[in-house]
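Student: what follows is a predicted structure for the sequence shown.
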Amino acid sequence: MDKRTTLALLLMAALLMIYPAIFMRSEPEKKPAQKTEVPAPSPKGPDTAPTTGAALAAPVPPKDSPSVPDRTATIEAPLYRAEISSLGGQLRSWELHYRGAKPMVAPGFLVSRGLSVTRAGQPPRLVGFALSAEKLTLGPSAPTGDLVLIGEDGFGLRVTETLRFHAESYVVDHQLKVENRQAVAQSAEIVLGWMASVEPPKDTPERFQGQHPIRVVRLADGSVHREVFAKSAEFSGPGQWIGLESEWYLTAMIPRSPGILLSEAKISETRVDAPKPVELSQVGLRIPLSSLRPGQVWEGQVQSYIGPKEYDRLKAVGVGLEKSIYFGGFPAPQNYGGLPMEWLAVPILWLMHRFYEFTHNYGVAIILLTVITKVLFFPLTIKSMTSMKAMQALQPQINALRSKYKSDPQRLQRETMELYRAHKVNPLGGCLPMVVQIPIFYALYVALSVSVDIQNAPFICFGRLFGVDLWICDLAAHDPTYVLPILMGISMFIQQKMTPVMGDPRQAKMMLFMPVVFTFMFLNLPAGLVLYWTLSNVLQIAQQKYMERIGKKPEKLPARAAKKA
């Protein structure tokens, strides 16, 4: 019995010693069976079904990203020239062919962040891509071209980004594909975006007006939100698009698949060439992948727009990018809304473009636009001038009433109204026609202010002498000779001298000082605006001359009415 007990104990000890070795050798054999129990991945979209805690808790061993040489692909198109880096697919260069070479992407002004993968507790990792080509040339024979970027983040996510460029558009299509090549589920976030310094570099001037973005703009919840860099705050949520803008240029990102969020933040960056950290404003798109199972693939689409704020081009994208153009509006009493200038400015821009197609000169288009506007409102102008002439003829009698009833304001008001009624003069007749015209003229002013079309557009250009343009070679820049602002001031002075004096003569003399103030205000305004204002004054003078030639009747009317009285 003792021998049997001893033998049993020896067998049990041997089994305890051999079991770990047998268990360790059998573990690899169980993995295939475990893999067959994982449900087949859906072709698109992250898995929304709950996964086991063991699968999510399983560690993903990090490893270095595959070594990818730093390469650059060049895209040549009629509208732009672009350079794409293999490091994150960053856009290292985007030079517009828009009335000269205009580099939109430049250090210190606007920088591409590329595509990065973000995980909890770890810094973003730029994906190293392999490029499918080194050069694409677009044109009439090749209206579109695709550049395929394939890379891994080092944790088992394989990212494929297909960029489609268009020869006649500033839109770039991004087709994204993310595949989990690990044996466990993963959670990560794909981020694409742009960033710009809050303050432009002081040692590097702008290559063109509007090169440095000044605001963050986004369309969310059906309304446009604009924030200057100094007042921008963090934002993350759904929306139609988000971007960085100057007055005339826009860099925007547009989600085209569900589940993609807009992102806005402000960060600080330490640079060797800067004595203190540089503040940056960054915007982009966030693609949360909450649970991507082994072998599962997520696919989605986004778009980028990098170009001028041409209303027709922005509207053609179909997501409300044209709302990035701020036309302003006239305020209205509370609870009555306002008058959006877009309703008036957009037709004016359309008409100016049609005139340009006919004349091939935006300066001549502005002249035609101003003339047509004045002709359309000529009947109202005649009515206003007639009423002002009548009021001027009654001015001596009104002054006499003021002296007679200066201690009785109510009696003065009654007698004045009786005088107006006797002479059939409407005291508001000179103001109402002008009030009707103000929104139209202001809309014309706004349309020229926001129109990028007049940038680098010449009017009367004789060339350059000692580095100075002779005469107006850029309607978006100020007149370098200051001839046009001076002509505007002279025309405004003549117009005021010809306008009938109403009210206190001392106030009329003070108004003669306004042309001097306006001249200094218009010295550095765009020449296109000054041209419009000057021509408007000249046409107003011509209309007043016409009224003086045929308008002696308003002066005789009060005398005849006074004789009858």
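Tutor: Great, that's in hand. Numbers count the residues shown, from 1 in each chain.

Student: hey, let's count contacts and neighbours off CA atoms from now on
Tutor: Noted.

Student: got the domain ranges for the protein?
Tutor: Domain assignment for the chain, taken from automatic domain parsing, gives 72-324, 342-564.

Student: what about the shortest one, average pLDDT?
Tutor: Translated: domain 342-564. For domain 342-564, the mean pLDDT works out to 80.

Student: swap in the longest one?
Tutor: Taken as a whole, domain 72-324 has an average pLDDT of 92.

Student: list the buried residues of stretch 314-322.
Tutor: Neighbour-count burial for stretch 314-322, counted by 16 or more other Cα atoms under 10 Å, picks out Leu314, Val317, Gly320, Leu321, Glu322.

Student: before we move on, what about stretch 388-407?
Tutor: Residues of stretch 388-407 classed as buried: Met388, Lys389, Ala390, Met391, Gln392, Ala393, Leu394, Gln395, Ile398, Leu401, Arg402 (neighbour count, 16+ other Cα under 10 Å).

Student: out of the residues you listed, which is nearest to Asp153?
Tutor: Closest to Asp153 out of those is Met388 (76.5 Å), distances taken as Cα to Cα.

Student: returning to that earlier point: quick check, nearest of the buried residues of stretch 388-407 to Ala73?
Tutor: For the buried residues of stretch 388-407, the nearest to Ala73 is Met388 (68.6 Å; Cα to Cα).

Student: which residue ranges form the helices in the stretch 1-150 of the chain?
Tutor: 2-36, 53-57 (DSSP state H, counting those that start in this stretch).

Student: which stretch in these is the model least sure about?
Tutor: Per-segment mean pLDDT for these reaches its minimum on helix 53-57, at a mean of 32.

Student: what's the local residue count around the residue nearest to Gln182 when sequence neighbours are not counted?
Tutor: Of all residues not flanking Gln182 in the chain, Gly156 sits nearest, at 5.1 Å (Cα to Cα, 6 or more residues apart in numbering). By other Cα atoms under 10 Å, 20 other residues sit near Gly156.

Student: helices of the stretch 351-500 of the chain, residue ranges please.
Tutor: For the stretch 351-500 of the chain, applying DSSP H, counting those that start in this stretch gives helices covering 362-376, 378-404, 409-422, 432-450, 483-498.

Student: relative to helix 378-404, how tilted is the third one?
Tutor: In other words, helix 409-422. Relative orientation of helix 409-422 versus helix 378-404 (axes from the mean of the first three to the mean of the last three Cα atoms, to 10 degrees): 140 degrees.

Student: centre of the chain to helix 409-422, how far?
Tutor: Distance of helix 409-422 from its chain centroid, counting by Cα atoms, centre = their mean, to the nearest Å, is 54 Å.

Student: that helix: which residues count as buried?
Tutor: Leu412, Glu415, Thr416, Leu419, Tyr420.

Student: the first one now?
Tutor: For helix 362-376, a neighbour-count test (16+ other Cα under 10 Å) marks Tyr362, Gly363, Val364, Ala365, Ile366, Ile367, Leu368, Leu369, Thr370, Thr373, Lys374 as buried.

Student: which strands or helices does that helix pack on?
Tutor: Judged by 3 or more Cα pairs under 8 Å, 6 or more residues apart in numbering; DSSP states H and E, helix 362-376 is in contact with helix 342-359, helix 527-550.

Student: keeping just the C-alphas, turn it into CSV.
Tutor: Taking Å, rounded to 0.1, in the frame of the first residue of the first chain, the C-alpha atoms of helix 362-376 are listed here in CSV:
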residue,chain,number,x,y,z
TYR,A,362,-13.3,95.2,-65.1
GLY,A,363,-12.8,99.0,-65.0
VAL,A,364,-15.1,99.4,-68.0
ALA,A,365,-17.5,96.9,-66.4
ILE,A,366,-17.6,99.0,-63.2
ILE,A,367,-18.3,102.2,-65.3
LEU,A,368,-21.2,100.5,-67.2
LEU,A,369,-22.6,99.1,-64.0
THR,A,370,-22.6,102.6,-62.4
VAL,A,371,-24.1,104.2,-65.4
ILE,A,372,-27.0,101.7,-65.6
THR,A,373,-27.7,102.1,-61.9
LYS,A,374,-27.9,105.9,-62.2
VAL,A,375,-30.2,105.6,-65.3
LEU,A,376,-32.5,103.3,-63.5
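
Student: tell me the angle it makes with helix 527-550.
Tutor: Here helix 362-376 runs at an angle of 30 degrees relative to helix 527-550 (the same axes, to 10 degrees).
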